[in-house]
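> how would this look folded up:
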Amino acid sequence: MSEAKTKPTGESVDAFIDRVPDERKREDCRTLVGLMREISGAEPQMWGSSIIGFGTSRYSYPSGREGDWPTTGFSPRSQGLTLYILTGSDDPDLLQKLGKHSTGKSCLYIKRLSDVDMPTLRTLIDQAVEHAAPHGLRRTPSTGG
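This next block holds a predicted model:
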């Protein structure tokens with residue numbers, strides 16, 4: 001089996017955010033770091049070259065493939081923010097209340113935080129973290145975030 005390409009690195013989260021070209025997106029990143037840190041109880045850590053993750057959860061597929069992935073996290077992309085939080089939500093009403101967004105398999109895509117209802121986003125992140133708990137949530141020690 002191949003080794004996962006996306007795994008924790010020693011890169012500084014603050015330095016990564018400082019390199020985000022758009023000032024508003026940098027501020028959104030800092031807001032998300034605070035929110036996800038508070039909800040998960042874990043320190044931010046770079047996963048690969050562009051994902052800021054919190055905690056670690058173990059996953060396994062029916063094929064037998066296993067690996068680790070951030071319990072929750074996000075990545076600033078050119079088109080907006082990708083949040084890795086939908087694994088715990090099965091409530092379509094929450095997504096409807098959220099505001100302007102799109103979704104992927106387990107990703108939530110938003111252009112900016114001002115487009116969404118923050119209490120609803122908080123609930124979605126909380127659900128993702130709660131969902132991960134039975135699957136091996138591990139707090140990640142601070143690594144220069």
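
> longest helix in this protein, by residue count?
Counting by DSSP state H, the longest helix found in the chain is helix 23-40.

> low pLDDT regions in the protein?
Low-confidence segments of the chain (pLDDT under 70): 1-4, 86-90, 133-145.

> so which bits of stretch 51-66 are buried?
The neighbour-count check on stretch 51-66 (16 or more other Cβ atoms under 10 Å) flags 51-57 as buried. No exception for glycine: its C-beta is placed from N, CA and C like everyone else's.

> residues in contact with the most centrally placed residue in the chain?
In the chain, the residue lying closest to the centroid (Cα atoms, centre = their mean) is Gly73, at 1.4 Å. Contact analysis of Gly73 by Cβ atoms under 8 Å, 6 or more residues apart in numbering lists 36, 47, 51-54, 83-84.

> now Ser78
Residues counted as contacts of Ser78 (Cβ under 8 Å, 6+ apart): none.
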